[in-house]
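Chemist: Give the three-dimensional model of this entry:
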Amino acid sequence: MLQEFELEIIKKKLEKLHEIEFNLANSSYSNPEQILSLQKEYSELKELNELYTRYLKLTEDLAEAHRLEEENEFEDWIEDEIKRIKADLNEVTSKIKDIITPEHPDDFKDVFLEIRAGAGGDEASIFAGDLLRMYQKFCEKKGWKFEILDFNPNPVGGFKEVIAFIKGEKVYKHLKFESGVHRVQRVPKTEASGRIHTSTATVAVLPEVEEKEIDIDPKDLKIETFRASGAGGQYVNTTDSAVRITHLPTGIVVSIQDERSQHKNKEKALRVLRARINEVKRQEVEEMLKQERKSQVGSGDRSEKIRTYNFMQSRVTDHRVGESWHNLDQILDGNLDEIIASVSQALSTRVEAN
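Modeler: Just a heads-up that it's a prediction; the model follows:
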């Protein structure tokens, strides 16, 4: 359900909708760019109006269904009807929150997703693989392009680290609050005694940076080539096509072995490098990669966490907003919309308030 402050935001936005409608109808604007911008805003506000109208109708339907439930009327189907209304209400509420969440220029950018195994040995690597699959599935549902650029697999399963590029509509807006330490609590398949293990993996989400935004002096780069490694078969590479770039002033190192072309790998490595340098500058940190990465995602220790995935209770808890969801299997299958909407709205509002 929407909270009081969210209803106030909606009220103000719908007032803006009526204002734009009046001005567009009365040709109050003559600048083509201004008209185009207002038409885009009008389209989004009109969608908000339609969603809010549906939200009000669903809340009325839910109240009526609960009344019938209390009076024991139509008891054979009323419970299923309540579940259906609640599901529709959650979906509409999530879409409304997505629209009213304050936007930042970076929200429209594509991102580099970096996942690294933290504390917990092999189980941490397996969990990193689970997170990678979760984000891949989420991107598939969104219709976004998901491309793995580099990875370091663990022989027993999962990844020690992996870098992916995600391209789509407002990718950074949806994923920017996924950065941090993710913790898992479960019994590993290799644990004979059935003892519960706690492991972690770190996630970093970096918006892509255009070349003109970051000025990199070629003299500051150490570029090396090496033979790409992989799982064999189609991944075997007999040429030195993999590229490793070191940014000497910061110590940032990027390795890419995705393409068979050395030139393409170099291009991708430079894109990742710009994103990482931008992240350092944005946080006003003049440290080496280890310190910068720690400031964003922590050290990977079990005590540091933004979210916990508890397999025994099929529960996912986001510690920043103090909220839990009891559909772990569905979440790991990419159904992240509800969590992302809740966290984004809460954290964006805090940022806006500060």
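Chemist: When you work out contacts or count neighbours from here on, use the C-alpha atoms and nothing else.
Modeler: Noted.
Chemist: any idea which element the residue most central in space within the chain lies in?
Modeler: The centroid of the chain falls nearest to Leu175 when counting by CA atoms, centre = their mean (2.0 Å). According to DSSP states H and E, Leu175 maps onto helix 171-175.
Chemist: Mind giving me the packing neighbours of that helix?
Modeler: strand 197-207, helix 337-353 (3 or more CA pairs under 8 Å, 6 or more residues apart in numbering; DSSP states H and E).
Chemist: Can you lay out these as a markdown table showing mean pLDDT?
Modeler: As requested, these are exported to a markdown table (pLDDT from 0 to 100):
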| stretch | mean pLDDT |
| --- | --- |
| strand 197-207 | 93 |
| helix 337-353 | 74 |
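Chemist: Please identify the most buried of the ones you listed.
Modeler: Most buried of the helices and strands packed on helix 171-175 by mean neighbour count (mean count of other CA atoms under 10 Å) is strand 197-207; its value is a mean of 25.
Chemist: could I get the helices and strands packed on helix 171-175 as a markdown table with distance to Arg186?
Modeler: Below are the helices and strands packed on helix 171-175 laid out as a markdown table (distance: least, CA to CA, whole Å):
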| stretch | distance to Arg186 |
| --- | --- |
| strand 197-207 | 6 |
| helix 337-353 | 21 |
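Chemist: Pull out the buried positions in stretch 83-90.
Modeler: Neighbour-count burial for stretch 83-90 flags 85-86, 89-90 (criterion: 16 or more other CA atoms under 10 Å).
Chemist: need those residues in a markdown table with distance to Leu17, secondary structure and pLDDT, can you?
Modeler: Listed next are those as a markdown table, based on distance: CA to CA, whole Å; DSSP: H, G, I helix; E, B strand; the rest coil; pLDDT from 0 to 100:
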| residue | distance to Leu17 | secondary structure | pLDDT |
| --- | --- | --- | --- |
| Ile85 | 28 | helix | 93 |
| Lys86 | 28 | helix | 91 |
| Leu89 | 23 | helix | 92 |
| Asn90 | 24 | helix | 86 |
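Chemist: so how many other residues sit close to Arg67?
Modeler: The number of residues packed near Arg67 is 12, by other CA atoms under 10 Å.
Chemist: Also Lys11?
Modeler: Using other CA under 10 Å, Lys11 has 13 neighbouring residues.
Chemist: Report the secondary structure state of it.
Modeler: Following DSSP: H, G, I helix; E, B strand; the rest coil, we place Lys11 in the helix state.
Chemist: Which residues lie in contact with His104 in this structure?
Modeler: Lys173 (CA atoms under 8 Å, 6 or more residues apart in numbering).
Chemist: quick one: the helices in the stretch 1-150 of the chain?
Modeler: 4-25, 32-70, 75-100, 122-142 (DSSP state H, counting those that start in this stretch).
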